[in-house]
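Engineer: with the sequence up front, the predicted model follows.
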Amino acid sequence: MEALEMYTVNARADVYTEELRLNLGPQHPSTHGVLRVELGMDGEIITAARCDIGYLHRCAEKIGENVSYLQFTPYTDRMDYLASMNNNLAWSLTVEKLMDLEVPERAQWLRMICVELNRIASHLIAFGTYGIDIGANTPFFYAFREREAIMGLLERPSGARMLYNYIQPGGVRRDIDENWVADVLAFCDEFEKRWAEYNTLLSGNAIFIKRTANIGILTKEMALAYGCTGPVLRGSGVRWDLRRDVPYLAPYDDVEFDIPVGEGTHGTLGDCWDRYWVRMREMMESIRIIRQGCAQLPDGEVMTKKQKGMYKTPMKPPVGAAYVRCENPRGELAFYAVSDGEASPIRLRTRAPSFCNLAVLDQLLPGCLLADGVAVIGSLDIVLGEVDR
Amino acid sequence: MNDSEIHARLVANVEGVGELDTSAGDPCVGVSADAVVDALGFLRDDDECSMEMLHCVTAVDREKQVDVVYHVCSYARHHSLTLKVELPKPEGADEHWHPEVPTACGVYPAADWHEREQWDLLGVRFTGHPDMRRILLPEEWIGHPLRKDYVYPSEHGGIPLELDAVPLYEREGESVGQPAPTPREPGAPLNQPPSEPSKRPHAGGKAPAPEKGDS
């Protein structure tokens, strides 16, 4: 061992290696999509990083200026395609704010249950793919098994498995069937047992902790300055959640839940493990919310009467602008719609959480080993469909 | 604090801050382009405002002017504010006109990517930005697509992009791909596959005769 250390020290002193420029991606499984990161490498150590995005740009904002408000809802599905319900909700709330629409109570509770189910499904992907990034293949299969159950549940009212287009301005598209609530509750019971399995499988795994603790440390100040939101911000110890602090959906006031934040359990506050663990605990909080939502679900209409005519004639909101923020699985999604009184907005801006969370990557990577860089990218949990829109 | 309280505090401390506009939709504070960095800096550092985060930077093309809208919010105080810089379009300006605002990168690092995106899509130049490159579109892209006076390109990378182009198979005098099929006579059977009658008995054809020699 001693001899080896001596050799290493000598090699670093004697051998000069010039800086290598390395392209990570765009076709690389650990970049979770088509992201290219230009890296400057000194041996195995990253010295500089620069993100190159835009490979998945589909002109969503331009399309939004050319379609009606209702027609844009399916396009929001395709931004963060792992959390379509949440995107639908944010867009619907924006239009409702512009139009000053009232939403029936039952629709609001259904929205909350569906959004929280989708949050679990989205965090399951984060959990499963993060395992693969680190080198643990099994959690992926476990996560997809439970995600499959959620997709089955959400398919029943919406008719789609991933891109739901279920929550629409004015309410939700269809009411649920009579067994749905019972099946959701059964899923909650099942999921609690599975969640314990995930933790024995990955969360407490010594190798996993060594790969993620003390890696990619994001301080609270840096997270705020770079506009990070969601689990990335909470992983740095900021107890902030729009669902509690600026409730955008009435039922969130009536349910109890905690906001998990990073505590630096296995290393420094704001490291990759903290971000991962925040997501894991958020799944259980979502289960709590869903249980309370199912218990309190009121009867009644699921769509405003005013909205039903809007399928025939496109709605024309009054002149004005609305900015609505929502707590998505990946952070705060906001839509900014500017109306001039016509059937389509003159400007539609999406403030995508992944876009803002990814911006901090250039600062997190320098100083890491290349293999740890993969862990850092995974811990930000980006969806490139949303980064590029 | 609500919007009018924050606005009052802002007016008292920063020069160049205009009225609070509550007439249409979300209330927003008008700010002149020269004062926007000071205003953002004050909002961030002031204890009572304490806007730790720049949430979003948006440029809006209103044809006669371009607005740059800043959404800032505070975690400590649970409030938020909208700032708006109006940049009137000069007479006779075309799609090459680039409105200019000083960058907010020095106050909020988060502004970096947001401002790059607004440059990319709307051609707003943020002066003093450390890295004013396109972010979503390719480097060689011409024009800024979310501008109302955007001139659509006719080709990109050698591929024609004619928006109202006649599809290749409908153009006259150009033989592209397969030759056009001869028109079917009225009453003639429709064949599937097109060239020869079906061999299957239920489709009206004859079943293929069993090969001799099999027994």
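Structural biologist: Received it, and whenever you're ready, just let me know what you need.

Engineer: for whatever residue of the stretch 1-150 of chain A ends up closest to chain B, which non-adjacent residue is spatially closest?
Structural biologist: Proximity of the stretch 1-150 of chain A to chain B (Cβ to the nearest Cβ) peaks at A:Gly54, 4.0 Å away. Placement of C-beta: from N, CA and C, glycine included. Spatial nearest neighbour of A:Gly54, chain neighbours left out: B:Leu136 (4.0 Å); criterion: Cβ to Cβ, 6 or more residues apart in numbering or on different chains.

Engineer: pretty sure the one you found is in a strand, no?
Structural biologist: No - using DSSP: H, G, I helix; E, B strand; the rest coil, the secondary structure at B:Leu136 is coil, not a strand.

Engineer: for it, what are its contacts?
Structural biologist: Residues in contact with B:Leu136 (Cβ atoms under 8 Å, 6 or more residues apart in numbering or on different chains) are A:53-54, A:57, A:388-389, B:117, B:120-121.

Engineer: any idea how far it lies from B:Pro153?
Structural biologist: According to Cβ to Cβ, to the nearest Å, B:Leu136 stands 16 Å off from B:Pro153.

Engineer: counting neighbours, which bits of the host helix or strand of A:Leu39 end up buried?
Structural biologist: In the assignment (DSSP states H and E), A:Leu39 maps to strand A:36-42. Of all the residues in strand A:36-42, those buried under the rule 16 or more other Cβ atoms under 10 Å in any protein chain shown are A:36-37, A:39-41.

Engineer: just stretch A:202-216 next, same as before
Structural biologist: Across stretch A:202-216, burial judged by 16+ other Cβ under 10 Å covers A:202-203, A:205, A:208-209, A:211-213, A:215-216.

Engineer: what of stretch B:86-94?
Structural biologist: Buried residues in stretch B:86-94, counted by 16+ other Cβ under 10 Å: B:86-87, B:89.

Engineer: same check, this time on stretch A:319-327
Structural biologist: For stretch A:319-327, the neighbour count (16+ other Cβ under 10 Å) marks A:320-327 as buried.

Engineer: make JSON lines from the residues you listed and add distance to A:Asn66, pLDDT and secondary structure to it.
Structural biologist: Below are the buried residues of stretch A:319-327 laid out as JSON lines (distance: Cβ to Cβ, whole Å; pLDDT from 0 to 100; DSSP: H, G, I helix; E, B strand; the rest coil):
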{"residue": "A:Gly320", "distance to A:Asn66": "20", "pLDDT": "88", "secondary structure": "strand"}
{"residue": "A:Ala321", "distance to A:Asn66": "18", "pLDDT": "90", "secondary structure": "strand"}
{"residue": "A:Ala322", "distance to A:Asn66": "19", "pLDDT": "91", "secondary structure": "strand"}
{"residue": "A:Tyr323", "distance to A:Asn66": "21", "pLDDT": "91", "secondary structure": "strand"}
{"residue": "A:Val324", "distance to A:Asn66": "21", "pLDDT": "91", "secondary structure": "strand"}
{"residue": "A:Arg325", "distance to A:Asn66": "25", "pLDDT": "91", "secondary structure": "strand"}
{"residue": "A:Cys326", "distance to A:Asn66": "24", "pLDDT": "92", "secondary structure": "strand"}
{"residue": "A:Glu327", "distance to A:Asn66": "29", "pLDDT": "91", "secondary structure": "strand"}
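
Engineer: right, and the helix or strand after the helix or strand encompassing A:Gln108?
Structural biologist: Using DSSP H and E, A:Gln108 sits in helix A:105-134. Reading on from helix A:105-134 to the C-terminus, the next helix or strand found by DSSP H and E is helix A:138-158.

Engineer: so who does A:Tyr142 touch?
Structural biologist: With contact taken as Cβ under 8 Å, 6+ apart, A:Tyr142 is in contact with A:128, A:194, A:197-198, A:201.

Engineer: quick one, which of these are buried?
Structural biologist: Burial by neighbour count, judged by 16+ other Cβ under 10 Å, picks out A:128, A:194, A:198, A:201 from the contacts of A:Tyr142.

Engineer: and the furthest pair within those residues?
Structural biologist: Pairwise distances across the buried ones among the contacts of A:Tyr142 peak at 12.2 Å for A:Gly128 and A:Arg194 (criterion: Cβ to Cβ).

Engineer: pretty sure A:Arg156 contacts A:Ile176?
Structural biologist: Yes - with contact defined as Cβ atoms under 8 Å, A:Arg156 counts as touching A:Ile176 (7.0 Å).

Engineer: more neighbours: these two, which one.
Structural biologist: Neighbour count, other Cβ atoms under 10 Å in any protein chain shown: between A:Arg156 and A:Ile176, A:Ile176 has more, with 20 against 14.

Engineer: with adjacent residues omitted, what lies nearest to the more buried one?
Structural biologist: Nearest non-adjacent residue to A:Ile176 (Cβ to Cβ, 6+ apart): A:Pro157, at 4.8 Å.

Engineer: so how many other residues sit close to that neighbour?
Structural biologist: Look at A:Pro157: counted by other Cβ under 10 Å, it has 19 neighbours.

Engineer: in contact with it, which residues?
Structural biologist: Shown in contact with A:Pro157 (Cβ under 8 Å, 6+ apart): A:110, A:114, A:166, A:172-177, A:180.

Engineer: just B:Thr82 next, same as before
Structural biologist: Applying Cβ under 8 Å, 6+ apart, the residues contacting B:Thr82 are A:323, B:26-29, B:69-71.

Engineer: at 6 Å what do you get?
Structural biologist: Contact analysis of B:Thr82 by Cβ atoms under 6 Å, 6 or more residues apart in numbering or on different chains lists B:26, B:28, B:71.

Engineer: returning to that earlier point: what pairs with the strand holding A:Leu39, and is each one parallel or antiparallel?
Structural biologist: Next to strand A:36-42 in the sheet, as set by DSSP bridges, lie strand A:20-24 (antiparallel), strand A:45-52 (antiparallel).

Engineer: and it, how far out from the chain middle?
Structural biologist: Strand A:36-42 has its C-alpha centroid displaced from the chain centroid by 26 Å (Cα atoms, centre = their mean, to the nearest Å).

Engineer: also stretch B:141-150?
Structural biologist: 9 Å.

Engineer: stretch A:376-383 too?
Structural biologist: 10 Å.

Engineer: what's near enough to touch the nearest residue to A:Pro139 once chain neighbours are set aside?
Structural biologist: Nearest non-adjacent residue to A:Pro139, counting by Cβ to Cβ, 6+ apart: A:Gly131, 3.6 Å away. By Cβ under 6 Å, 6+ apart, the contact set of A:Gly131 is A:139-140, A:202.

Engineer: same thing with A:Glu282?
Structural biologist: Contacts of A:Glu282 (Cβ under 6 Å, 6+ apart): A:Pro260.

Engineer: let's go with 8 Å and repeat that
Structural biologist: Residues counted as contacts of A:Glu282 (Cβ under 8 Å, 6+ apart) are A:119, A:123, A:231, A:260.

Engineer: could you do B:Glu48 as well?
Structural biologist: Counting by Cβ under 8 Å, 6+ apart, B:Glu48 touches B:1, B:9, B:77.

Engineer: ok, B:Val14 next?
Structural biologist: Taking Cβ under 8 Å, 6+ apart, we find B:Val14 in contact with B:35, B:38-39, B:42.

Engineer: columns neighbour count and pLDDT on top of those residues, output as a markdown table?
Structural biologist: Shown next, in a markdown table, are these (neighbours: other Cβ atoms under 10 Å in any protein chain shown; pLDDT from 0 to 100):
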| residue | neighbour count | pLDDT |
| --- | --- | --- |
| B:Ala35 | 19 | 87 |
| B:Asp38 | 18 | 88 |
| B:Ala39 | 26 | 89 |
| B:Phe42 | 19 | 89 |
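
Engineer: now, these that are in helices?
Structural biologist: B:38-39, B:42 (DSSP state H).

Engineer: in the stretch 151-300 of chain A, which residue sits nearest chain B?
Structural biologist: A:Gly227 (3.3 Å).

Engineer: surely that residue is in a strand?
Structural biologist: No - under three-state DSSP, A:Gly227 falls outside any strand and is assigned coil.
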